[in-house]
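A.B. asks: take a look and give me a structure for this.
(one chain, ligands or ions: 1)
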Amino acid sequence: MERTPRANVELEKVSVVRKSTGAAEIVLLHEISFRAGGGETTTIIGPSGSGKSTLIRLLNRLDELSAGRITLNGDDITAIDPLLLRRRVAMVLQKPFMFEGTVLANLQRPFLYRKETPPGRESETVRRALGLARLSTGLLERDARSLSGGEQQRVNLARALINHPEVLLLDEPTSALDRPTADHLAATLHDVCRAERLAVIMVTHDLRLAEHTADQLIYLEQGRIVEKGAAAELLRQPQTEAFRRFLAEPAWEKETRHGN
Ligand SMILES: Nc1ncnc2c1ncn2[C@@H]1O[C@H](COP(=O)(O)OP(=O)(O)OP(=O)(O)O)[C@@H](O)[C@H]1O
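C.D. replies: Residues are numbered from 1 along each chain as shown. Here you go, the predicted model:
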């Protein structure tokens, strides 16, 4: 079977500055630097409005940076065609999004979009994607919109993985799911990341998800990295008062995203 190449995403002093409604400029991200490697999960946490979604959206060019550089295996991502980039850097959003039609039609969608022959229900491509997302083949003919939230999020994951991406971006992947479903998805993500040697970069408010899946943890406040390091260590022993306070807030993992 095809082996996904080991990815290496590197951000060097990445800043994002936008004009606010007046003439003033606002800094959404300030000189963010980190490396995310294949087979590892990098989890980004921080208070609402700290820039987490902006950061993750830079990585497949849904947003553009103002300064600095992002490379994928050494190549500047601005030099990669955005459609090709999004094939290499797949994304799963907070709310599952299902196109009209069956689960199979949803999995075939990326191929049709690129005007390629879609893989059939018996193909290795479809079976592999279902297997990675831990979905049963019995669901293939079901109307995708009739599935439960957890099943839909797994179809999203299967659709994201069907093109053998090198990087998987996840923006609050469990926030629309109940606790047991979220825990199952977390276990799946952990296994997929290791098995496919994917660089997983995830934004979450879910402390359990961070504890169970993160290798590297990044804590953002007001667009700046406040803490960065091995997740298990940082969660056990925060280095800054700001992060300690954030972790101690009882409500932070229950908070849901607004906007975007
Ligand atoms: N294009 C833009 N122009 C001006 N301000 C923006 C723009 N996009 C985002 N912002 C602001 O930048 C800040 C960071 O937004 P972002 O969505 O990245 O935060 P977040 O950490 O993901 O927040 P949450 O956890 O609430 O989703 C917010 O204050 C937001 O209102």
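A.B. asks: the helices in the stretch 151-260 of the chain, which residues?
C.D. replies: 179-196, 207-213, 231-236, 241-248 (DSSP state H, counting those that start in this stretch).
A.B. asks: need those helices in CSV (columns: mean pLDDT).
C.D. replies: Shown next, in CSV, are the helices of the stretch 151-260 of the chain (pLDDT from 0 to 100):
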stretch, mean pLDDT
helix 179-196, 86
helix 207-213, 85
helix 231-236, 93
helix 241-248, 92
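A.B. asks: now, of the ones you listed, which is deepest in the fold?
C.D. replies: Highest mean neighbour count among these (mean count of other Cβ atoms under 10 Å): helix 207-213, with a mean of 19. No exception for glycine: its C-beta is placed from N, CA and C like everyone else's.
A.B. asks: quick revisit: of all the helices of the stretch 151-260 of the chain, which lies closest to the ligand?
C.D. replies: The ligand lies closest to helix 241-248 among the helices of the stretch 151-260 of the chain, at 12.2 Å (Cβ to the nearest ligand atom).
A.B. asks: tell me the gap between the closest one and the middle of its chain.
C.D. replies: 24 Å (Cα atoms, centre = their mean, to the nearest Å).
A.B. asks: wait, which of the helices of the stretch 151-260 of the chain is closest to residue 30?
C.D. replies: Comparing these by their distance to residue 30 (Cβ to Cβ), the top pick is helix 241-248, with 15.1 Å.
A.B. asks: close to the ligand, is that closest one?
C.D. replies: No. Helix 241-248 stays out of contact with the ligand when judged by Cβ under 6 Å from any ligand atom, the minimum separation being 12.2 Å.
A.B. asks: tell me what the helix or strand that contains residue 127 is packed against?
C.D. replies: Taking DSSP states H and E as the criterion, residue 127 maps to helix 124-132. Secondary-structure packing of helix 124-132 (3 or more Cβ pairs under 8 Å, 6 or more residues apart in numbering; DSSP states H and E): helix 103-113, helix 149-161, helix 179-196.
A.B. asks: turn these into TSV, including distance to residue 58.
C.D. replies: As requested, the helices and strands packed on helix 124-132 are exported to TSV (distance: least, Cβ to Cβ, whole Å):
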stretch	distance to residue 58
helix 103-113	22
helix 149-161	18
helix 179-196	20
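A.B. asks: figure out which of those is closest to residue 96.
C.D. replies: helix 149-161 (3.5 Å).
A.B. asks: in terms of secondary structure, what does that closest one contact?
C.D. replies: strand 89-92, helix 103-113, helix 124-132, helix 179-196.
A.B. asks: got these as TSV, with distance to the ligand columns?
C.D. replies: Formatted as TSV, the helices and strands packed on helix 149-161 follow (distance: least, Cβ to the nearest ligand atom, whole Å):
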stretch	distance to the ligand
strand 89-92	14
helix 103-113	26
helix 124-132	27
helix 179-196	17
